[in-house]
Each structure stands twice: as structure tokens, then as C-alpha cells.
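Trainee: what's the 3D shape of this:
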Amino acid sequence: QVQLVESGGGLVQAGGSLRLSCAASGRTFSNYAMGWFRQAPGKEREFVAAISWSGSNTYYADSVKGRFTISRDNAKGTVYLQMNSLKAEDTAIYYCAAARLLRDDARRGYDYWGQGTQVTVSS
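Mentor: Got it, this is the predicted structure:
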């Protein structure tokens, strides 16, 4: 089992920045690729970004490319999502997830999920 706890969400004005963190505990963090997803009210959950176990490969949704950066610190068991130039449409609950094996361009294969953290961007 891997337990994931997100933090860092909040209310920010459009154009601002936030950094989300996801702390993992349980099995060896570095064995897992990590991803961020989000779900806005009335919409399906969507992929945001992912990072390989070593950090050498990253993946982004087109909607966040150039604005968001995913990174990880295996020594701390933590994955981050730096979000810049935030827009109102980025408002959602953000979830982190862990995968032993990424599939479908990093959008599938996740075994464990956190509870989520709310991000609200005011326009």
C-alpha cells in the first residue's frame, strides 16, 4: 500500500502561482511513477502531469504545458506540481496518484490515489 497526502491548495487570483505537494508513505516511493490529475465541478477527472520514477521523463496535458512543472524528491518521498500563470479554468480538486507502470502516455496505470486538494482561481 502507498498512502498519498496532497497539500498546498488554496485560493489564488488569475495569473498567480501555487505549488502543490504530495507526500507518500508506505512502499518505496522511488518504485513508482507519479501523476497529478484534477476534477472540476460537473466534469470528469482529467490528467494533468506525470513523472517517471527517476524523474527523467515528464508528461503534461496540452492545457497546462508551459505553465505547470512536475518534479519529485525521492529522498523526501514527495512529488510537486508548480503551477504558474493560473487561469480560472484551472479551478478543480487536484489529486496525486502513484503507478508501478504508466500506460497510455502516462494517463493510465495508477494504483493509489490521494484524497485531493482544492485549487480555486479567481478571475
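
Trainee: The strand ranked longest in the chain - contacts with which helices or strands?
Mentor: Counting by DSSP state E, the longest strand found in the chain is strand 92-103. Applying 3 or more CB pairs under 8 Å, 6 or more residues apart in numbering; DSSP states H and E, one finds that strand 92-103 contacts strand 2-7, strand 18-26, strand 33-39, strand 46-51, strand 78-83, strand 108-113, strand 117-122. All C-beta atoms are positioned from the backbone trio N, CA, C, and that covers glycine.

Trainee: got JSON lines for those, with mean neighbour count, distance to Thr69 and mean pLDDT too?
Mentor: Output for these, formatted as JSON lines (neighbours: other CB atoms under 10 Å; distance: least, CB to CB, whole Å; pLDDT from 0 to 100):
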{"stretch": "strand 2-7", "mean neighbour count": "18", "distance to Thr69": "16", "mean pLDDT": "96"}
{"stretch": "strand 18-26", "mean neighbour count": "18", "distance to Thr69": "9", "mean pLDDT": "95"}
{"stretch": "strand 33-39", "mean neighbour count": "24", "distance to Thr69": "11", "mean pLDDT": "98"}
{"stretch": "strand 46-51", "mean neighbour count": "22", "distance to Thr69": "8", "mean pLDDT": "98"}
{"stretch": "strand 78-83", "mean neighbour count": "23", "distance to Thr69": "4", "mean pLDDT": "98"}
{"stretch": "strand 108-113", "mean neighbour count": "16", "distance to Thr69": "20", "mean pLDDT": "95"}
{"stretch": "strand 117-122", "mean neighbour count": "17", "distance to Thr69": "15", "mean pLDDT": "98"}
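
Trainee: can I get those strands in JSON lines with distance to Ala99?
Mentor: Below are the helices and strands packed on strand 92-103 laid out as JSON lines (distance: least, CB to CB, whole Å):
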{"stretch": "strand 2-7", "distance to Ala99": "10"}
{"stretch": "strand 18-26", "distance to Ala99": "12"}
{"stretch": "strand 33-39", "distance to Ala99": "5"}
{"stretch": "strand 46-51", "distance to Ala99": "8"}
{"stretch": "strand 78-83", "distance to Ala99": "12"}
{"stretch": "strand 108-113", "distance to Ala99": "4"}
{"stretch": "strand 117-122", "distance to Ala99": "19"}
